[in-house]
Structure formats: C-alpha cells, structure tokens
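In: pasting a predicted model and its sequence here:
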Amino acid sequence: MRAAVLEGVKELIVKDIPTPIPSDDMALVRVKSCGICMTDYKAYSGERKNLEYPMIVGHEFSGVIEEVGNNLKSFKKGDEIIASPVSNCGICKNCRQGLAQYCKNGAVIGGDGMDKILDGAFAENVLVPENSLYHKPRKISFDAAALTEPLAGSYKGLIEYSQLRISEDLVIIGAGSMGLLASMIAEKAGASTIIMIDIDDWRLDFSKKCGATHLINSAKTDAIKEVYKVLPEGPDIVFEAAGPLPAAQLAFDLCRRGTRVNEFGVTTEGTISVSPAEIHWKETRVDASFSVYPRVMQQSIRLMEKGIVDSSKIITHRFSLDDINEAMNTMKISERIKVIVNP
Ligand SMILES: [Zn+2]
Ligand SMILES: [Zn+2]
C-alpha cells in the first residue's frame, strides 16, 4: 500500500510499504478521507517532541472496511465507517466511569495522549480496533465523516463540560477548525451572542458562515473593550480555541463574575498570569477538554446525520496522498481552515 511515512522532522515520504494484516480484534480500513490536525502538523514540523520516527500520523478519518479479524461482531467487509482515534478497554475504572480517554489499556491511532500509539491514516489502509469503529450513515459524506472527532471534541468541551445553555452569551477565541465547529454547535444550541475573536480578517470573515454574530480582530483593537461594548455584562462562557498563550491570557482577562472558561486550544508549554484571588472572587469556573470518549463521538455523528451541523463547511483544501507535503505546508497559511487528504 501507499503510505506517508514521517521519517524525521519535515521528512514525510510517500512510499510503498506492506499492507498490514488485521489481528483478531482489528479491521483493515481503506481510508477515504483524513483531516490534518494541528497536532499532525506539529509532528511534521518538529514542534511535537513525544514521538518516535518513523511513524504514520493522521487520526481524523473515515473509510470502508476491507478485511476483518476473526473476533469482529458488529462490522463486516464493505461497511462504511468513521473511526475514533481513541480505543479503550471498557473494563478499567476510568472506562467504567465514562472517561474512556483516560484508559491505560487503550491506544490512539496516529495521534497523541495515550501510551500506545498505532499507525495513522495518511495511508491507503489503516488498522483500526473494533472498539474504535462507528458505522457511517450514508447521508454523511466521507469528508464530513472524517471530521467527526474534531466535532466531537468541540461538542464535548462546549456542551458537556462548559454546559452552554440556550440564550447564553459566548466568546470564542480562535476562528480555526475547533472554534468554528464550536460556533456552529453554539448557534444550534441557542447561544444568543457568539463573538468570534481572531487576529486574521479572512478567518473572521469565514466565521460569519458558521454562526458568529460579532467579529473582533484582537490584533487591531482592544478585544476586552470591544467584547464589553457588545456585552456590557460580560460573557457567560469564553471558549479558548486558538492555541497561543496570549489567547489563554485573554480568556481569563475577559471574565466577569461567574464566567466559565474553557481552556481548549493551548497545547504548548508555558504559563500565563492568573490571580487565584480573582478566580475566587469572580467564581471563575475553568474547564478544559482533551480528546474524546464514545458518547461524544456518537453524538457528533447524530449532529451530522440529522443535518444540524455540516462539518464539511469548514473544509477549504483537499489533497491526494501524493501531495501530502503540499497539504502539510498549507497548514502554515492563514487563508485555510480544514485541510483534507483523500488517499
Ligand atoms: Zn485532531
Ligand atoms: Zn479502560
């Protein structure tokens, strides 16, 4: 099979490697669509340190089952599937508490955050544990289906953790994939105000298609003043989905009493300045969200199947597997949202 093998920093080589054979609990999936996540780009660029070369990245994907292991019960050859990057044992304490993303016996496909890492989906084929497979409704395109995991991540952060309620006022920092998916969910969940903050006008303009009601360019204006012009009483929720540390600082600086902050975007090391006394006085509630568990994957599929959220709206670029280096470099330009690879 053809696969994009990451052999070192910025050494992403498309070549023929042996097609893997599924063990008893795995399926071999023919990959139809795989999204590039910022964590994939960071593996490529060398910003991500916790990985071993060679590896195949790519964890947001959909496809068709080509072969199944002996023990598979719910999936067969020819089934169209969506994969969760995270598989879990279902038996440990974390799994039984519904926190499958903390499972010590699980694995992550092409990604980050678990002890065991399996080869990812920037390849014609990928092995997927049955536990990671979801049936793809026919209505959902393979490209949209590849975005089930990021959509599930935004849903988990905004709805399950930060508990956005109908009529609330929301600020989203960062008009990238995660911020825009959150914005689409918030619009349907009944947020009355969705203020999008970014430093790029093209992205801000794009966010109008995804439910944003107000746009603020924090590179050109004082974002705090602008937010309080729109919301004199301050936001109910600030959802930080940008990544750089100043965005996290801004999230806390925007809080009035009782604001809930979701620290969703920052994955780089470093610190910001937050006063515990102020958190105490304001009763700031801080949530964060990393990875996904089965319930939010299933919910994300429902959102797309019922036509509530069209995740494919955020796709701006598509590349073949042979052009994956060009696809990776597209991650650096500001006029893009989601980049998809169709192996
Ligand atoms: Zn991702
Ligand atoms: Zn477990």
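Out: Noted; the coordinates are in hand. Numbers count the residues shown, from 1 in each chain. Ligands and ions are numbered 1, 2, ... in the order given.
In: residue nearest the centroid of the chain?
Out: For the chain, the residue sitting closest to the mean C-alpha position, by C-alpha atoms, centre = their mean, is P150 at 2.8 Å.
In: kindly state the pLDDT recorded for that residue?
Out: Listed pLDDT for P150 reads 96.
In: got a list of what it touches?
Out: Applying C-beta atoms under 8 Å, 6 or more residues apart in numbering to P150 gives the contacts 35, 37, 60, 177-178, 181, 311. Yep, even glycine has a C-beta here, placed from its N, CA and C like the rest.
In: adding pLDDT and neighbour count, write these out as CSV.
Out: Formatted as CSV, these follow (pLDDT from 0 to 100; neighbours: other C-beta atoms under 10 Å):
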residue, pLDDT, neighbour count
G35, 98, 25
C37, 94, 25
E60, 97, 32
S177, 96, 27
M178, 97, 27
L181, 98, 29
S311, 97, 26
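In: just those: which are in strands?
Out: 35, 60 (DSSP state E).
In: from the contacts of P150, which is closest to ligand 2?
Out: E60 (22.2 Å; C-beta to the ion).
In: skipping adjacent residues, who's closest to that closest one in space?
Out: Nearest residue to E60, sequence neighbours excluded (C-beta to C-beta, 6 or more residues apart in numbering): G35, at 3.7 Å.
In: helices of the stretch 1-150 of the chain, start to end?
Out: 38-45, 93-96, 142-146, 148-155 (DSSP state H, counting those that start in this stretch).
In: show me how far the first one is from its chain's centre.
Out: It stands for helix 38-45. 13 Å (C-alpha atoms, centre = their mean, to the nearest Å).
In: need the contact partners of that helix.
Out: In contact with helix 38-45 (C-beta under 8 Å, 6+ apart) are residues 6, 9-10, 12, 47-48, 51, 55, 57-59, 110-112, 120, 122, 176, 243, 267, 328, 331-332.
In: out of those, which are buried?
Out: 6, 12, 48, 51, 57-59, 110-112, 120, 122, 176, 243, 328, 331 (16 or more other C-beta atoms under 10 Å).
In: from those residues, which are also near ligand 2?
Out: For ligand 2, no contacts are drawn from the buried ones among the contacts of helix 38-45 by C-beta under 5 Å from the ion.
In: what is the nearest of those to ligand 2?
Out: Of these, the one sitting nearest to ligand 2 (C-beta to the ion) turns out to be G111, at 16.8 Å.
In: contacts only, for the residue nearest to that closest one when sequence neighbours are not counted.
Out: Leaving aside its sequence neighbours, G111 sits nearest to H59 (C-beta to C-beta, 6+ apart; 3.9 Å). H59 makes contact with 37, 39-40, 85, 108-111, 120-121, 149 under the criterion C-beta under 8 Å, 6+ apart.
In: so which one among these has the lowest pLDDT?
Out: G111 (78).
In: my guess is it meets D119, correct?
Out: No: using C-beta atoms under 8 Å, G111 is not in contact with D119; the gap is 10.9 Å.
In: count residues in the vicinity of E233, would you?
Out: 10 (other C-beta atoms under 10 Å).
In: so it lies in a helix, does it not?
Out: No: assessed with DSSP: H, G, I helix; E, B strand; the rest coil, E233 is coil; it does not lie in a helix.
In: hang on, it packs against R256?
Out: Yes: between E233 and R256 there is a contact under C-beta under 8 Å: 6.5 Å.
In: how about the residues of the stretch 101-250 of the chain by ligand 2?
Out: 103, 105.
In: state which one residue of the stretch 101-250 of the chain is found closest to ligand 2.
Out: Relative to ligand 2, the nearest point of the stretch 101-250 of the chain is C103 (3.1 Å; C-beta to the ion).
In: for that residue, give me its contacts.
Out: Going by C-beta under 8 Å, 6+ apart, the list of residues near C103 reads 86, 88-89, 92, 94-95, 114.
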